[in-house]
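Peer 1: The amino acid sequence is not available; the structure is as follows:
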């Protein structure tokens, strides 16, 4: 059994008649005996209750550009302190952060920090806040929530980068503390989620609807396009229509390039032409802001006015090289608002990625 000092009590679980305990954080509903871990690795059954074993521990801390989350309409150009823990509640065969999310070694969590220490470090470094990323904050939600509370006490923002695979009650709590969320919509087919992700599409769509209409968080969406798996024009069109009709045309959508990794090394990298085709389809099906990622594509990086087409934000990778929004976040040509959360002037953090140490 682990040292009890490393265990953090949780509330989303219930006992079963057979003596096991069911975790109620995500739709997987792991049923555990004492000493067993859920698929996520970091939620464990100890003394007949579910505890979080990664609270206060991290695989490392790094200052990233906010655009890397990716968030293009939330404080553009600003730096954000990013970190993750270990484990994940999905089983994506293509995981791009598998060394963290698929880790089953507690030694992965070599760095430690209290929520207050993280918030202070972010503030001292000039960051706009903290991003919970690299692995899914759903599995360490208690730690993420406490960090978000600390952020807000210091006038900082909390950002979640998540696959959105979470049950309704914890979903409501987690996202009530977030200022912005990027949801990784893996695909738009049950086949893909069942076969390649190990989850259910419907649960993720419910999360998207909740964030957009029942939280105050700014929402953006990312889809990693994998050749031959989720990149057909038909599927991209269906996903784009659903987003436009159910979430609204102003929700930014990012199409990101896959590179062979984890258990899908037999698939080729995503061609730039695939991302450009997907972006064109999404725009044709009513979405106003569609981006390409993990590739060098200045056209796909740019933000244009959805009303008149004027270039509003010009980017080169994560570097802002042209910023033309008014202080009110409007187009300077037609005064149409560009949805998002903006500062009076953009940040200039650029593409820098700086690892840091946290002093508790």
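Peer 2: Sure, I can see it. Just so it is clear, the structure is predicted and the values come from calculations on it, not from any experiment.

Peer 1: From what I see, residue 251 and residue 218 are in contact.
Peer 2: No: using Cβ atoms under 8 Å, residue 251 makes no contact with residue 218, being 9.5 Å away. In short, each C-beta sits where N, CA and C put it, glycine included.

Peer 1: biggest strand in this protein by residues?
Peer 2: For the chain, the longest strand by residue count, based on DSSP state E, is strand 218-225.

Peer 1: Moving C-terminal from that strand, which element do we reach first?
Peer 2: Counting by DSSP states H and E, the next helix or strand C-terminal to strand 218-225 is helix 233-246.

Peer 1: which neighbours does the longest strand of the chain have in its sheet, and in what orientation?
Peer 2: Strands that pair with strand 218-225, judged by DSSP bridges, come out as strand 180-184 (parallel), strand 253-257 (parallel).

Peer 1: Make a markdown table out of these and add distance to residue 328, mean pLDDT and mean neighbour count.
Peer 2: Putting those into a markdown table (distance: least, Cβ to Cβ, whole Å; pLDDT from 0 to 100; neighbours: other Cβ atoms under 10 Å) gives the following:
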| stretch | distance to residue 328 | mean pLDDT | mean neighbour count |
| --- | --- | --- | --- |
| strand 180-184 | 19 | 98 | 25 |
| strand 253-257 | 24 | 97 | 23 |
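
Peer 1: possible to save those as JSON lines with distance to residue 25?
Peer 2: JSON lines is the format used below for the strands paired with strand 218-225 (distance: least, Cβ to Cβ, whole Å):
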{"stretch": "strand 180-184", "distance to residue 25": "17"}
{"stretch": "strand 253-257", "distance to residue 25": "26"}
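
Peer 1: So for residue 356, which of the ones you listed sits nearest?
Peer 2: Closest approach to residue 356 among the strands paired with strand 218-225 (Cβ to Cβ): strand 180-184, 21.2 Å.

Peer 1: so what's the nearest residue to residue 37 once chain neighbours are set aside up against?
Peer 2: Distance criterion Cβ to Cβ, 6 or more residues apart in numbering; nearest residue to residue 37, sequence neighbours excluded, is residue 44 at 4.7 Å. Listed by Cβ atoms under 8 Å, 6 or more residues apart in numbering, the contact partners of residue 44 are 2, 7, 32, 35, 36, 37, 38, 50, 51, 53.

Peer 1: quick one: contacts for the residue nearest to the fifth one when sequence neighbours are not counted?
Peer 2: Take residue 36 and drop its neighbours on the chain: the residue closest to it by Cβ to Cβ, 6+ apart is residue 45, 5.3 Å away. Residues touching residue 45, when contacts are defined by Cβ under 8 Å, 6+ apart, comprise 20, 21, 32, 33, 34, 35, 36, 37, 51.

Peer 1: Can you pull the phi and psi angles for residue 45?
Peer 2: phi -90, psi 120 (degrees, to the nearest 10).

Peer 1: Residue 349 contacts residue 76, correct?
Peer 2: No: contact criterion Cβ under 8 Å: residue 349 and residue 76 do not qualify, at 9.7 Å.

Peer 1: Common neighbours of those two, please.
Peer 2: Contact criterion Cβ under 8 Å, 6+ apart; residues shared by residue 349 and residue 76: residue 66.

Peer 1: next structured bit after the lowest-mean-pLDDT helix or strand in the chain?
Peer 2: The least trusted helix or strand in the chain, going by mean pLDDT, DSSP states H and E, turns out to be helix 98-101, with a mean of 56. With elements assigned by DSSP H and E, the helix or strand that comes after helix 98-101 is strand 111-112.

Peer 1: partners of that next one, with directions?
Peer 2: Checking strand 111-112 against DSSP bridges gives partners strand 57-58 (antiparallel).

Peer 1: what mean pLDDT does the partner strand have?
Peer 2: Averaging pLDDT along strand 57-58 yields 88.

Peer 1: Same check on stretch 203-212?
Peer 2: Averaging pLDDT along stretch 203-212 yields 98.

Peer 1: Wait, a helix at residue 348?
Peer 2: No: under DSSP: H, G, I helix; E, B strand; the rest coil, residue 348 falls outside any helix and is assigned coil.

Peer 1: I figured it was touching residue 321, is that so?
Peer 2: No: contact between residue 348 and residue 321 fails when scored by Cβ under 8 Å: they sit 10.4 Å apart.

Peer 1: Would you map the helices across the stretch 251-360 of the chain?
Peer 2: Assigned helices in the stretch 251-360 of the chain, in chain order: 272-284, 298-301 (criterion: DSSP state H, counting those that start in this stretch).

Peer 1: Can you point out the buried residues in the longest one?
Peer 2: Neighbour-count burial for helix 272-284, with 16 or more other Cβ atoms under 10 Å as criterion, is recorded at 274, 275, 276, 277, 278, 279, 281, 282, 283.

Peer 1: Could you turn the buried ones of the contacts of residue 44 into a PyMOL selection?
Peer 2: If you want just the buried ones from the contacts of residue 44 in PyMOL, going by 16+ other Cβ under 10 Å, the selection is:
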select buried, resi 7+32+37+38+50+51+53
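
Peer 1: now do the same end-to-end measure for stretch 188-204.
Peer 2: Stretch 188-204 has its terminal residues 10 Å apart, counting by Cα to Cα, to the nearest Å.

Peer 1: Kind regards, and thank you for your time.
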